[in-house]
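Trainee: need a structure here:
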Amino acid sequence: MSRVVKRTADIDVVTAAKMRIKNIFDNGRKVYICFSGGKDSICLAQCVMELVQEGKVDPAQMEVVFIDEEGMYEDVIESVAKWRSIFLLAGAKFTWFCLEVKHFNCLHALVDDESWVCWDRYEEANWMRTPPPFAVRTHPMLNPRNENYQSFLAKYMGDGASVDGVRMAESFQRAKYMSTSMGAMIGNQGNVSIAKNNRISPLYDWKDVDVWMFIKDRNLDLPVAYMYMWQVGVSKNRLRVCNFFAIDTVCCLNAISQFYPELMDRICRREENAYLALLYWDSEMFHRRTSRRKELEGEEAPKDYKALLDETFANIDTLFTNPHAKKVAKAYRHSYISLQSMMTPKHYKRMYEALKSGDTKQRSLRGVCATIRNDFVAVSEAEEAARRQKGAQ
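Mentor: Predicted structure coming up:
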């Protein structure tokens, strides 16, 4: 059972990130900088621009790519516009996409469709914003309305190296993925080899505190949306400013009406199920396990979650009518069969609630599987230690 292996270097994370970025440019290939307007990509952009100013990388070698997801904070869009000007003035290309890409929408879990199309041509009258005049609206590599932006960008950036601000500290699943399949060999000198999928994350080892300290030390402008989310209790590892309707960002809808009332009106016009986040935030629907949920739901009769999983997996075709939901349920069933010998009642409950709540990107499933494996290893090691201690006596 593999684990994430961590090593300590003799340089700080900012120096290491810059060395990796320079090494990427030194390969001589075109470099795509994936920019989202969030805190991590702002740090990445600043590192790149500092290298440009130092004459260590060529701005003409790069193209900055921003996917405008329509449902975004106005101050994030203003931040992106500012950085667009900075990159253009430095001599880099900046491509602002407003495309009909498909997103998964956790608010659609109750209907026979779990997708949401950005800049939907059939919903133009209800768009949350108007695309900027310089935005790229179509592209021959895109299968509009049926393809997500990740698969489109993989094709679009296939002739070069793509660089993003993804960090391992954001989740255990991401750390596991990046440690095993990122394809980067990082040493004390900060060297990184081009991954087979041409995707590189030079900030991969930054922690949250590193991000916030970098922003403070450089006195970088940050979208005020982060401050609003923090004020209403959003935890540090859930501060996201991308698409409003993903399960890991929908929490912001619970607070938007307090700080952006006019934006919330536009969101509700565009997505009729957005009000669900206001009514049912502290509930199983949004994977909540809070004292507020317990208070609202009261004491419930004990449930046999193993039996509920068995019944669900035996009736996937009748219980799940959406093709993608069926695919997700079958992925859960496969994991259930593989890991059942390691599972406890706590694991059965977590898996059942994650499946019932909707898990379009299977992030909750990866988290549940990681928990099951980690708990099993911990129990096995404790039992082995107890046996050794007993034998020694």
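Trainee: Can you pull out the low-pLDDT segments for the stretch 101-250 of the chain?
Mentor: Within the stretch 101-250 of the chain, the segments meeting pLDDT under 70 span 106-115, 170-197, 232, 234-238, 242, 244, 246-250.
Trainee: domains of the chain?
Mentor: As assigned by automatic domain parsing, the chain contains the domains 13-218, 225-283, 305-392.
Trainee: Just send those back as TSV, with mean neighbour count too.
Mentor: Every C-beta, even on glycine, is put in place using the N, C-alpha and C of the backbone. Below are the domains of the chain laid out as TSV (neighbours: other Cβ atoms under 10 Å):
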stretch	mean neighbour count
domain 13-218	18
domain 225-283	18
domain 305-392	16
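Trainee: Averaged pLDDT, the strand or helix carrying Trp83. What do you get?
Mentor: Secondary structure from DSSP states H and E places Trp83 in helix 74-90. What helix 74-90 shows for mean pLDDT is 95.
Trainee: packing partners for it?
Mentor: Applying 3 or more Cβ pairs under 8 Å, 6 or more residues apart in numbering; DSSP states H and E, we find helix 74-90 packed against helix 39-53, strand 62-67, strand 93-97.
Trainee: Would you format those as CSV with mean pLDDT and distance to Met128 included?
Mentor: Formatted as CSV, those follow (pLDDT from 0 to 100; distance: least, Cβ to Cβ, whole Å):
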stretch, mean pLDDT, distance to Met128
helix 39-53, 96, 21
strand 62-67, 97, 15
strand 93-97, 98, 16
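Trainee: closest one to Leu203 among the ones you listed?
Mentor: Proximity to Leu203, assessed across those by Cβ to Cβ, is greatest for helix 39-53 (5.8 Å).
Trainee: Just want the angle from the closest one to strand 62-67.
Mentor: 160 degrees (axes from the mean of the first three to the mean of the last three Cα atoms, to 10 degrees).
Trainee: Export only the CA atoms of helix 39-53, formatted as PDB.
Mentor: Extracted as PDB, the C-alpha positions of helix 39-53 are listed here (Å, rounded to 0.1, in the frame of the first residue of the first chain):
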ATOM      1  CA  LYS A  39      -4.500  33.100  -4.900                       C
ATOM      2  CA  ASP A  40      -2.300  30.300  -6.100                       C
ATOM      3  CA  SER A  41      -2.200  31.400  -9.700                       C
ATOM      4  CA  ILE A  42      -1.500  34.900  -8.600                       C
ATOM      5  CA  CYS A  43       1.600  33.600  -6.700                       C
ATOM      6  CA  LEU A  44       2.600  31.600  -9.800                       C
ATOM      7  CA  ALA A  45       2.100  34.700 -12.000                       C
ATOM      8  CA  GLN A  46       4.200  36.800  -9.700                       C
ATOM      9  CA  CYS A  47       7.100  34.200  -9.700                       C
ATOM     10  CA  VAL A  48       7.000  34.200 -13.500                       C
ATOM     11  CA  MET A  49       7.000  38.000 -13.800                       C
ATOM     12  CA  GLU A  50       9.900  38.300 -11.300                       C
ATOM     13  CA  LEU A  51      11.900  35.900 -13.500                       C
ATOM     14  CA  VAL A  52      10.900  37.900 -16.600                       C
ATOM     15  CA  GLN A  53      12.100  41.100 -14.900                       C
END
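Trainee: tell me the angle of it relative to helix 74-90?
Mentor: 20 degrees.
Trainee: Tell me which residues are up against helix 39-53.
Mentor: Contacts of helix 39-53 with the rest of the structure, by Cβ atoms under 8 Å, 6 or more residues apart in numbering, involve 14, 17-18, 21-22, 25, 33-35, 57, 59, 62, 64, 79, 83, 86-87, 90, 92, 163-167, 202-203, 206, 211-212, 214-215, 218, 220, 222, 226, 239.
Trainee: If we use 7 Å, what do you get?
Mentor: Contacts of helix 39-53 with the rest of the structure, by Cβ atoms under 7 Å, 6 or more residues apart in numbering, involve 17-18, 21-22, 33, 35, 57, 59, 83, 86, 90, 165, 167, 203, 211, 214-215, 218, 220, 222, 226.
Trainee: which residue ranges form the strands in the chain?
Mentor: Secondary structure of the chain (DSSP state E): strands at 30-35, 62-67, 93-97, 102-104, 115-117, 160-163, 199-200.
Trainee: Could I get those in TSV, plus columns for distance to Thr130?
Mentor: Below are these laid out as TSV (distance: least, Cβ to Cβ, whole Å):
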stretch	distance to Thr130
strand 30-35	21
strand 62-67	16
strand 93-97	13
strand 102-104	19
strand 115-117	17
strand 160-163	28
strand 199-200	32
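Trainee: Relative to Ser357, which of these is closest?
Mentor: Of all the strands of the chain, strand 102-104 comes closest under Cβ to Cβ, at 13.1 Å.
Trainee: for Phe152, what are its contacts?
Mentor: By Cβ under 7 Å, 6+ apart, the contact list for Phe152 reads 101, 141-142.
Trainee: Lys18 too?
Mentor: Contacts of Lys18 by Cβ under 7 Å, 6+ apart are 47, 51.
Trainee: residue contacts, Glu262?
Mentor: So Glu262 contacts nothing (Cβ under 7 Å, 6+ apart).
Trainee: distance of it from Tyr73?
Mentor: For Glu262, the distance to Tyr73 equals 12 Å [Cβ to Cβ, to the nearest Å].
Trainee: Check which helices and strands the top helix by length along the chain sits against.
Mentor: Longest helix of the chain, by residue count under DSSP state H: helix 363-392. With contacts taken as 3 or more Cβ pairs under 7 Å, 6 or more residues apart in numbering; DSSP states H and E, helix 363-392 sits against helix 172-181, helix 323-339, helix 345-357.
Trainee: Report the distance from it to the chain centre.
Mentor: 28 Å (Cα atoms, centre = their mean, to the nearest Å).
Trainee: what mean pLDDT would you report for that helix?
Mentor: Helix 363-392 comes out at a mean pLDDT of 87.
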